[in-house]
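Q: Sequence and predicted structure below; questions after.
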There are 2 protein chains.
Amino acid sequence: MEAAITESGGAPRSVADLGEWGVIAALAARMPAGPLTLVGIGDDAAVVGAPSGSVVAAVDLLLEGRHFLRSWSSAYDVGVKAAARGLADIAAMGAVPTALLVALAAPGTLPASWALDLADGLAFEAGRAGAGVVGGDTARADSVLLSVTALGDLAGRPPVRRSGAAPGEVVAVAGPLGYSAAGYALLQAGVPALHELAAAHRRPAPPYEAGPEAALLGATAMIDVSDGLLADLGHVATASGVLINVEDPGLALGGPLPEAAALVLAAGPSSSRTSSADSPASLALNWALTGGEDHSLVATFPPATALPPRWRVIGAVHEGHGVTVDGRPYEGPAGWEHFR
Amino acid sequence: MEAAITESGGAPRSVADLGEWGVIAALAARMPAGPLTLVGIGDDAAVVGAPSGSVVAAVDLLLEGRHFLRSWSSAYDVGVKAAARGLADIAAMGAVPTALLVALAAPGTLPASWALDLADGLAFEAGRAGAGVVGGDTARADSVLLSVTALGDLAGRPPVRRSGAAPGEVVAVAGPLGYSAAGYALLQAGVPALHELAAAHRRPAPPYEAGPEAALLGATAMIDVSDGLLADLGHVATASGVLINVEDPGLALGGPLPEAAALVLAAGPSSSRTSSADSPASLALNWALTGGEDHSLVATFPPATALPPRWRVIGAVHEGHGVTVDGRPYEGPAGWEHFR
């Protein structure tokens, strides 16, 4: 299928040069098929195995200028991020990802190499999760936008919903907190982009296998951290009718966040996320509590659960409602909401 | 959930007034649950029954200015069209639609009533197909865009792919051809919008149940007419390695197309779709052969198949490759391609 990219005497420069079918063929050639794919790219619809007799499905939008900037993130990074957002939703139900469908709208002037690098990023992250890329759609638009649908299978287990947390249980997280927000702040502050946290912003790496693991361990509720820890725990608290208290005051210590916070503060107050923080410690904690897009998994477990090391206990479930930090409401921007 | 729309002392005017959660709650309250929905809107992902042990899945983009104009189509119409595009893909595999996931990006200034009317249109068409609306995503964008993912179940049958057509078989279509294109031309020509074909452009009504029916009848290949009859038959011919000849010269006669063509020609040559046509008959035929977006179903069947009345035989499968009309290549725009 690579022939489509070069057949008319030299490498085309844009997706308009390739044409719709050329774009689809070039993208399709880069995608993993996936072990459960029965009908992949190229028909009216895909057919994917659903051995449990049900399918887990989620859709996410990724818009240029809103969720990514082409000047900050490579096409490969955007592909990784788009896939990770959807696949993390599947893992957060306790399911194993099986497939992605990817719809891409772009200007006709988009470099063909950008679309192909995007496909490589999507393929990498889908492959990391064990999922195939089985279908999609293309359209022309003034800016780049992606819609990613992720599918998964529960392997015979019930889904882990947001609504099952009960008082007395522990709250534990798998994966980093605040890394993506810190990386965003570093990029915004102009700190050299080689920093590991800038990479975490560009390419989140959710611990997909921790989702089914949590389900097997008896997790009673689970969510992926896409809006920010407190906001996402708020969804669990509301759905479960409980109070969740984040207890670990050292949540943001010991990792790279304090150093990054010092770098950002030294560069001057350039964003609303930093302007209210008066010390590296408070800025780092704010990232850990309110930064989204790491797509780590946070879950509640019965108190006696023996948790593997990657699950770090960060709080507990109580009678009541809402989310507190060390017993008090957290002062600061608590999450992310679109439209406002 | 309706309370979310009016709770802050009077009806909000825009989706920004509602906020993301208000928009989601208001939309969710309007959506059909669907008989196979196990987990619907409100968790990280939906869970939908897949009794066949596999799931059929397709995604479609619908962009303002590209696939619809807010000045020509009501929000309700856009919802119907968005749902129909995805659901028709499921039917074209011979499957029964089970669920939709809908991602909506819109300006914060979008009237809240527009979003709610959109939801009503989505809900109507999903209900007509027997599918639930089980999940989605929202984001802010400069114009309205929708991504619709449709899921379906094969009821134990193998999927009807594009690749199974064989010489000697008949080609039959269920549903109208060219109606949407004719309606688009009528709207573009300023002919009063009450015309039934304008309604067909705004609200396609694919014959979903004809998809599983065709599978039961032994259809060897099937596709929905989204790009235009000749273009879509071209996909079947290529995938099957055959020649398809459209034989019925009266394809566009007997219905409303000739009268519409006369109205459009009388209004003057206002679009590229009409400029090459020199008579109502040739314009009507062009619509029927190249007009997309009706989402009718076209399938190939073994020659002895007793077809119910809604399946109209329009051609035959032969050795060779490509698509012909009465044995000759069709002269004219043959379909629709993005990016170019």
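A: In hand now; what should we look at?
Q: centroid residue for chain A?
A: The C-alpha lying nearest the average C-alpha coordinate of chain A belongs to residue A:85 (CA atoms, centre = their mean; 3.2 Å).
Q: For residue A:198, give me its contacts.
A: A:183, A:186-187, A:191 (CB atoms under 8 Å, 6 or more residues apart in numbering or on different chains). Backbone N, C-alpha and C define where each C-beta goes, glycine included.
Q: Was I right to think the residue nearest to the centre of chain A contacts residue A:148?
A: Yes: Residue A:85 lies in contact with residue A:148 (CB atoms under 8 Å); the separation is 6.6 Å.
Q: In three-state terms, label the residue in the stretch 101-250 of chain A that chain B sits nearest to for me.
A: The minimum distance from the stretch 101-250 of chain A to chain B, using CB to the nearest CB, falls at residue A:147 (3.4 Å). Here residue A:147 is recorded as strand under DSSP: H, G, I helix; E, B strand; the rest coil.
Q: count of neighbours near the closest residue to it other than its chain neighbours?
A: Leaving out its chain neighbours, the residue that sits closest to residue A:147 by CB to CB, 6 or more residues apart in numbering or on different chains is residue B:147, at 3.4 Å. Applying other CB atoms under 10 Å in any protein chain shown, we find 31 residues neighbouring residue B:147.
Q: List the contacts of residue B:147.
A: A:59, A:61, A:103, A:147, A:149, B:59-62, B:102-103.
Q: before we move on, back to that, could you measure from the residue of the stretch 101-250 of chain A closest to chain B over to residue B:107?
A: 18 Å (CB to CB, to the nearest Å).
Q: I figured residue A:44 hits residue B:224, correct?
A: Yes: shown here, residue A:44 and residue B:224 form a contact pair, counting by CB under 8 Å, at 6.1 Å.
Q: Between those two, tell me which one has more neighbours.
A: Higher neighbour count among residue A:44 and residue B:224: residue B:224, with 32 against 28, using other CB under 10 Å.
Q: is the more buried one in a bridge, and if so with what?
A: Note on residue B:224: beta-bridge partners residue B:297, judged by DSSP bridges.
Q: so after the helix or strand containing residue A:183, what's the next helix or strand?
A: Element membership of residue A:183, judged by DSSP states H and E, is helix A:179-188. Using DSSP H and E, the next helix or strand after helix A:179-188 towards the C-terminus is helix A:196-202.
Q: How about the residues of the stretch 101-250 of chain A by chain B?
A: A:101-103, A:105-106, A:108, A:134-142, A:145, A:147, A:149-152, A:154, A:159, A:161-162, A:222-224, A:239 (CB under 8 Å from any CB of the partner chain).
Q: for chain A, what are the low-confidence residue spans?
A: Within chain A, the ranges that satisfy pLDDT under 70 run A:1-12, A:192-194, A:249-250, A:252, A:269-277, A:332-340.
Q: Could you rerun that using 80?
A: Residue ranges of chain A with pLDDT under 80: A:1-13, A:19-24, A:191-195, A:248-254, A:268-278, A:331-340.
Q: can you map out the helices along it?
A: Here chain A has its helices, by DSSP state H, at A:3-6, A:15-29, A:75-91, A:112-129, A:179-188, A:196-202, A:210-217, A:229-240, A:257-266, A:272-275, A:280-290.
Q: Just name the most buried of those.
A: Compared across these, helix A:75-91 shows the largest average neighbour count, a mean of 28 (mean count of other CB atoms under 10 Å in any protein chain shown).
Q: That one vs chain B: in contact?
A: Yes: residues of helix A:75-91 are located near chain B by CB under 8 Å from any CB, namely A:89-90.
Q: Write down the beta-bridge partners of the residue nearest to residue A:147, one by one.
A: Where residue B:147 sits in a bridge, its partners, by DSSP bridges, are residue B:61, residue B:103.
Q: How much space separates it from residue A:62?
A: 11 Å.
Q: again, but for residue A:148
A: Counting by CB to CB - residue A:148 and residue A:62 are separated by 7 Å.
Q: any shared contact partners between these two?
A: What both residue A:148 and residue A:62 touch, as defined by CB under 8 Å, 6+ apart, is the set A:82, A:85.
Q: of the two, who's got more company?
A: residue A:148 (33 against 23).
Q: Chain neighbours aside, what residue packs nearest to that one?
A: Nearest non-adjacent residue to residue A:148 (CB to CB, 6+ apart): residue A:86, at 4.2 Å.
Q: Verify the contact between that neighbour and residue A:61 for me.
A: No: using CB under 8 Å as the test, residue A:86 is too far from residue A:61 to be in contact (10.1 Å).
Q: how does chain A divide into domains?
A: According to automatic domain parsing, chain A comprises the domains A:11-153, A:170-325.
Q: Looking at those, spot the one closest to residue B:92.
A: Residue B:92 lies closest, by CB to CB, to one member of these: domain A:11-153, at 4.1 Å.
Q: ok now that closest one, how far from the chain's centre?
A: With CA atoms, centre = their mean, to the nearest Å as the basis, domain A:11-153 stands 14 Å off its chain's centre.
Q: And residue A:309, how far from residue B:228?
A: Distance from residue A:309 to residue B:228, by CB to CB: 58 Å.
Q: now do residue A:215
A: The gap separating residue A:215 from residue B:228 is 47 Å, by CB to CB.
Q: One more: residue A:26?
A: Taking CB to CB, one finds residue A:26 at 23 Å from residue B:228.
Q: sorry, back to before: relative to residue B:251, which of the helices of chain A is closest?
A: Nearest to residue B:251, of the helices of chain A and by CB to CB, is helix A:15-29 at 25.6 Å.
Q: and that closest one, anywhere near chain B?
A: Yes: using CB under 8 Å from any CB, we find that helix A:15-29 touches chain B at A:15-16, A:18-21, A:23.
Q: surely residue A:59 meets residue A:149?
A: Yes: in this structure, residue A:59 is within contact of residue A:149 by CB under 8 Å, at 4.7 Å.
Q: who touches both of these two?
A: A:86, B:59, B:101, B:147, B:149.
Q: Now that we have these, can you turn them into TSV and tack on distance to residue A:197?
A: Shown next, in TSV, are those (distance: CB to CB, whole Å):
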residue	distance to residue A:197
A:86	23
B:59	32
B:101	32
B:147	30
B:149	33
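Q: Looking at those, spot the one nearest residue B:178.
A: residue B:59 (25.9 Å).
Q: Would you enumerate the residues in contact with that closest one?
A: Shown in contact with residue B:59 (CB under 8 Å, 6+ apart): A:59, A:101-103, A:135-137, A:147, A:149, B:86, B:147-150.
Q: Show me the two of the residues of helix A:15-29 next to chain B that sit farthest apart.
A: Greatest spatial distance among the residues of helix A:15-29 next to chain B (CB to CB): A:16 and A:21, at 12.7 Å.
Q: anything in contact with each of residue A:44 and residue B:224?
A: Common neighbours of residue A:44 and residue B:224 (CB under 8 Å, 6+ apart) are B:89, B:92.
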